[in-house]
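Peer 1: This is the structure alone, sequence omitted:
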């Protein structure tokens with residue numbers, strides 16, 4: 001199970017679920033329309049795609065360090081391209097108070113670039 005503001009290795013976000021920054025001002029939402037979105041200040045600041053899909057299973061923080069969205073057939077349809085070359089990596093996806101969603105492998109390896 002994920003904590004309030006992070007998604008760890010092996011964890012999923014399914015459509016309709018959200019992670020929130022520690023101060024509650026930033027939301028990472030797995031939307032029902034199949035998009036991952038970052039909201040703060042009453043506005044959507046990031047979407048992984050403009051395409052709407054009803055066949056999304058969810059977003060998986062994979063054990064190789066890649067944050068990946070899958071459709072209901074198990075096909076990856078979006079990812080952060082952060083898989084470890086060795087295929088085994090501990091990565092945390094964190095929703096930060098500054099407006100960013102960041103993947104950490106000790107140090108930052110990917111960001112939504114949505115800082116306030």
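Peer 2: Sure, I can see it. Bear in mind the structure is a predicted one, so any value in this text is a computation, not a measurement.

Peer 1: use CA for all of it now, contacts and neighbours both
Peer 2: Fine.

Peer 1: Which residue, other than its chain neighbours, is closest to residue 50?
Peer 2: Excluding its sequence neighbours, the residue lying closest to residue 50 (Cα to Cα, 6 or more residues apart in numbering) is residue 35, at 7.7 Å.

Peer 1: go on, residue 65?
Peer 2: Per Cα to Cα, 6+ apart, closest to residue 65 is residue 83, 4.6 Å.

Peer 1: Contacts only, for the residue nearest to residue 50.
Peer 2: 47, 48, 49, 50, 51, 52, 53 (Cα atoms under 8 Å, 6 or more residues apart in numbering).

Peer 1: Same check on residue 21?
Peer 2: Residue 21 neighbours (Cα under 8 Å, 6+ apart): 4, 5, 27, 94, 95, 96, 97.

Peer 1: Neighbour-wise, give me the winner out of those residues.
Peer 2: When neighbours are taken as other Cα atoms under 10 Å, the top entry among these is residue 95 (27 neighbours).

Peer 1: Residue 106 versus the residue located most distally from the centre of the chain, what's the distance?
Peer 2: In the chain, the residue that sits farthest from the middle, by Cα atoms, centre = their mean, is residue 86; the gap is 21.7 Å. Per Cα to Cα, to the nearest Å, residue 86 is found 16 Å from residue 106.

Peer 1: now the strands: where do they sit in the protein?
Peer 2: Taking DSSP state E as the criterion, the chain contains strands spanning 6-7, 12-13, 17-20, 26-30, 36-40, 43-47, 56-61, 67-71, 76-79, 92-95, 101-105, 107-111.
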